[in-house]
Structure formats: structure tokens, C-alpha cells
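>>> pasting a predicted model and its sequence here:
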Amino acid sequence: MKEHLASYPYEKPSLDYMQAHIESAVDAQQSNACTLHEAWAKVPAPLNATEIQQYQEEIRELLKQHNAVMVAHYYVEPELQDLALATGGMVGDSLEMAKFCKNHPADTLLVVGVRFMGETAKILSPQKTVLMPDLDATCSLDLGCPADEFKQFCDEHPDRTVVVYANTSAEVKAHADWVVTSSIAIEIVEHLHSQGKKIIWGPDRHLGQYIQDKTGADMLLWQGSCIVHNEFKGIELTHLKQQHPKAIVLVHPESPAEVVALADVVGSTSKLLNAAVQRPEQEFIVATDQGILHEMQKQAPHKKFFAAPTAGNGATCKSCAFCPWMAMNGLAACAKVLRDHSQEVQLDAALIEEARAPIQRMLDFSEAYKNYHQQHQQLGAGLAQFQQWLATQHEAKYSTL
Ligand code: 13P
Ligand code: SF4
């Protein structure tokens, strides 16, 4: 453990606390977010082929009527992912979803994922109607990071830059200097570290530890975790690797360090998908929610994919690599909310204002980073060169990076 982590004074949000906290966090939130048990109970029963087709046709029609677009995460059911793509919407990781929602001209966004994704869409496009199949679909990271306690944590360390993961409430984002997703977190923290900044990171302790190991930044970590990725086990993964010696291992960085240590590729859901499609290997062990396997198999039909184990010796398998809140999304609910415009994301205007700046900062950084790399591919891609280039850019939005 790093020295500044060993001296980490903020003991309260330990993992046990977080687990015990879920029930009361749900009670405390006005929004009726679901506990784990409630989420599993709300997962819709599987539909037959005729029902799937009927709902897909109805949703297609309703999207047209409402000038709406469907934006889905890789973890939701295959028929939802396919419909989003077939109707001109998209499937992506959380950064791509945020960008798409902001830039798309539709009046209504149907965000099929978990609530922080719908809230991010609303914060970036307050003039749009943002609907979700079920607003109670939340995330253990969001639940494990109550805004008042996180604010207290930040207030105890006023000299630190506050960087929060997108998997948080709008209230937590409003306390942050930066919001990041797993696809841009390392680049942003590396950038801040090179400016001499010390960081408060929340809420995912595994992702925080991974970023710290990669960048060497001085980070105080909130002790939240994802109930899905937290279940992957190093020992079981080692056994599976022995059974499939030709397979390479793709790992989402919300997984424990012992699992990340066995990875050939670590990254956001989109990065893992790209690796599965573009790498020359034919076999892959995948440590993230199994929903991603649908698009992997679709884009690389001749390759073999194995879900990383969550069960086995010493494992508890609470999730079996399925996020219960993502699984709450279903075709019937999509049709219903488009029909009656229910389950609309509503956020206070002042909160939207406060939460927008740190998200926009991430989008501006991401845009600058991409522009730089498109222009300077042949010159190499070091952070120092990017920062020199950034200093020569006169756009006002880049001045706060
Ligand atoms: P991505 O941004 O990689 O899609 O991750 C979101 C998420 O919730 C992973 O559990
Ligand atoms: Fe949250 Fe984990 Fe579900 Fe992602 S998989 S939404 S981090 S609980």
C-alpha cells in the first residue's frame, strides 16, 4: 500500500460500511433507487421471439413520433443493444454515451443503462427530455458515495483537486473539479499530476488504485466498489487461464488489483471490445459484465470468448458478472416510457449548472486529446508534447484544463 494511503484517515466508507450502507442509502435518496434484492426482483422475465419483435416495432414507431433516439450501454440485454443500433442510436461506454447524447439533435433521449448515465445526459442537455426505462436502476458506486459524506471528505482536504468517476450522483459531481470515465481517467490524472496537483478520488477504490499505480499521482481514495467487478477472483482466473493457454485476458479496471495484474488489456468497455475485435488472438477471457459478450461475439463471430469466473473456491458470486441494475432495463419498459413519457430524469436547474462544469471539462480534455493525436500521429503521443500543444491553443474552453 502506498504511504499516503496507509495514512489515509477517512475510515468510514470501508467496503463493509458501503455494503451495509446500501439499504439506508436507498432509503435516504428521494429517488427510490433499488437495493440489490429489489433490482433482481424487477428484472423482466425473458420475452419470446414474437414479443421481442412486437416491442421492437412499437419502439421504432414511438422513437420516430417523439423525435427520440435510443442510447444504450454494452451491459443491457442484447435485444436492447441491437434496437438502439438499428434505429440510428448507439451502444457505447459511458463517455461515448455522454458525447452522443450531448451532440445528437433529437428532442428526446431514451437512455438505456443506469441512472448516472441518464443524469449525465440531462446535465449536458437540459433542454432535452431524458427518459429511462426505470429511474430506480442505480449503481453500487453511486449508492456507496452519499453526497454529504463525500463533501465532508473533500472539505477535510481543501488543498486537493477532486476527481470523481462518472458513476456518481449529480450532487457528488457538483462537488468535483473533474468528472472522468474509465476511458479517459489515466490521461486526466496524469495531466493533473504533472501540474503538481494532489487528488481526492471517488468512489471506486479499485479504479483509483489502478490509476494511482499507472500515474504515480498522490491520491486519497474513497473506498467504494462495484458489486459486479468486485467479484472477479485472481485465483479462479489463473485456473481458467491454465485451461485456455492461448486466450488473452481483458479486464475492466473496476476489478480488484489481483485480477488487473493478470490482464493483457485493461480498459473501458469500448476499449475491451476494440481489443477483442482488433487483436490477432482468437481466444479471450473477459472480466466485465457479461452483457459485453453480445457485441464482442457479433463483431468477431469466429473468435472464442470466455467469461471470467466469479464463482469457485472462496468466491461469493453475488452477481455472477451481471449488473442487476443494468438488467432491470427491458423492451416493455422502453415502450411504456415512450408511450406515456414517464420515468423522466428531472434535476434541479442549479444542480445542473454546478454538475455541468466538471463533466464539460472532461469532454473538452477528451476532445483536445483526440485532436492532438489525430494531428500529430507521426510525432509520437507523449503527455509533455500534448501539453505543449495545448498551451498554444487559444480556445477559451481549453484554458481551464
Ligand atoms: P464504461 O465507461 O467502461 O462503459 O463503464 C461503465 C460501468 O458502469 C462499468 O461497470
Ligand atoms: Fe455500477 Fe458496477 Fe453496475 Fe457498472 S456494473 S453500473 S459500476 S454496479
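That came in fine, so what should we check first? Numbering: from 1, shown residues only. Ligands and ions are numbered 1, 2, ... in the order given.
>>> next SSE after the helix or strand containing residue 154?
According to DSSP states H and E, residue 154 maps onto helix 147-155. Proceeding N to C from helix 147-155, the next assigned helix or strand is strand 161-165, under DSSP H and E.
>>> give me the number of residues near residue 135?
Neighbourhood size, residue 135 [other C-beta atoms under 10 Å]: 21. C-beta here means a position set from N, CA and C on the backbone, and glycine is covered the same way.
>>> tally of neighbours for residue 261?
Number of residues near residue 261 (other C-beta under 10 Å) recorded here: 13.
>>> show me the contacts for it.
By C-beta atoms under 8 Å, 6 or more residues apart in numbering, the residues touching residue 261 are residue 234.
>>> distance check, it against ligand 2.
Going from residue 261 to ligand 2 by C-beta to the nearest ligand atom, to the nearest Å gives 20 Å.
>>> just residue 74 next, same as before
Separation of residue 74 from ligand 2 (C-beta to the nearest ligand atom) stands at 10 Å.
>>> got a list of what that residue touches?
Counted by C-beta under 8 Å, 6+ apart, residue 74 has contacts 81, 91, 92, 93, 269, 270, 273, 289, 291, 292, 294, 295.
>>> one more: residue 92?
Residues in contact with residue 92 (C-beta under 8 Å, 6+ apart) are 71, 73, 74, 100, 269, 270.
>>> so stretch 168-176, near ligand 2 or not?
No - contact of stretch 168-176 with ligand 2 (C-beta under 6 Å from any ligand atom) is absent, the minimum separation being 10.2 Å.
>>> and residue 53, how many neighbours does it have?
Residues near residue 53, counting by other C-beta under 10 Å: 13.
>>> and for residue 235?
The tally of other residues near residue 235 (other C-beta under 10 Å) stands at 13.
>>> can I get the contacts of residue 92 in TSV with pLDDT?
Output for the contacts of residue 92, formatted as TSV (pLDDT from 0 to 100):
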residue	pLDDT
71	98
73	98
74	98
100	98
269	97
270	97
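>>> need these in CSV with distance to residue 178 and secondary structure, can you?
As requested, these are exported to CSV (distance: C-beta to C-beta, whole Å; DSSP: H, G, I helix; E, B strand; the rest coil):
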residue, distance to residue 178, secondary structure
71, 23, strand
73, 22, strand
74, 24, coil
100, 21, helix
269, 21, helix
270, 20, helix
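>>> including distance to residue 186, could these go into CSV?
Converted to CSV, the contacts of residue 92 look like this (distance: C-beta to C-beta, whole Å):
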residue, distance to residue 186
71, 25
73, 21
74, 20
100, 22
269, 16
270, 15
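>>> looking at those, which is nearest ligand 2?
Closest to ligand 2 out of the contacts of residue 92 is residue 73 (7.9 Å), distances taken as C-beta to the nearest ligand atom.
>>> hey, what's the closest one bridged with?
Beta bridges link residue 73 to residue 92 when assigned by DSSP bridges.
>>> what's the neighbour count on it?
Residue 73, neighbours per other C-beta under 10 Å, totals 26.
>>> and residue 272, by the same measure?
24.
>>> around ligand 1, pick out the residues from the stretch 101-250 of the chain.
Contact residues (C-beta under 6 Å from any ligand atom) of the stretch 101-250 of the chain with ligand 1: 167, 181, 182, 183, 226.
>>> just the element for the nearest residue to residue 226 once chain neighbours are set aside, please.
Nearest residue to residue 226, sequence neighbours excluded (C-beta to C-beta, 6 or more residues apart in numbering): residue 254, at 4.3 Å. Using DSSP H and E, residue 254 is not contained in any helix or strand.
>>> contacts only, for residue 254.
Residue 254 sits next to 182, 204, 206, 207, 225, 226, 228, 229, 230, 288 when contact means C-beta under 8 Å, 6+ apart.
>>> can you give me the strands in this protein?
Here the chain has its strands, by DSSP state E, at 68-73, 90-92, 108-112, 129-131, 161-165, 178-180, 199-202, 219-221, 248-251, 265-266, 283-287, 304-307.
>>> quick one: list the elements packing against the shortest one.
The criterion is 3 or more C-beta pairs under 8 Å, 6 or more residues apart in numbering; DSSP states H and E, and the helices and strands that strand 265-266 contacts are strand 248-251, helix 269-278.
>>> and these, which is most packed in?
Most buried of those, by mean neighbour count (mean count of other C-beta atoms under 10 Å): strand 248-251, with a mean of 23.
>>> got a list of contacts for that strand?
Under C-beta under 8 Å, 6+ apart, the answer for strand 248-251 is 232, 237, 241, 259-260, 262-266, 272, 275-276, 279, 281, 283-288, 308.
>>> give me the most central residue, this structure.
residue 94 (4.8 Å; C-alpha atoms, centre = their mean).
>>> I figured that one was touching residue 166, is that so?
Yes - at 5.1 Å, residue 94 counts as touching residue 166 under the criterion of C-beta atoms under 8 Å.
>>> any common contacting residues for the two?
Counting by C-beta under 8 Å, 6+ apart, the common neighbours of residue 94 and residue 166 are 116, 117, 120, 181.
>>> and the second one, what pLDDT?
So that's residue 117. Here the pLDDT value assigned to residue 117 is 98.
>>> when you give positions from now on, start the count at 51
In the new numbering, first residue 51, that becomes residue 167.
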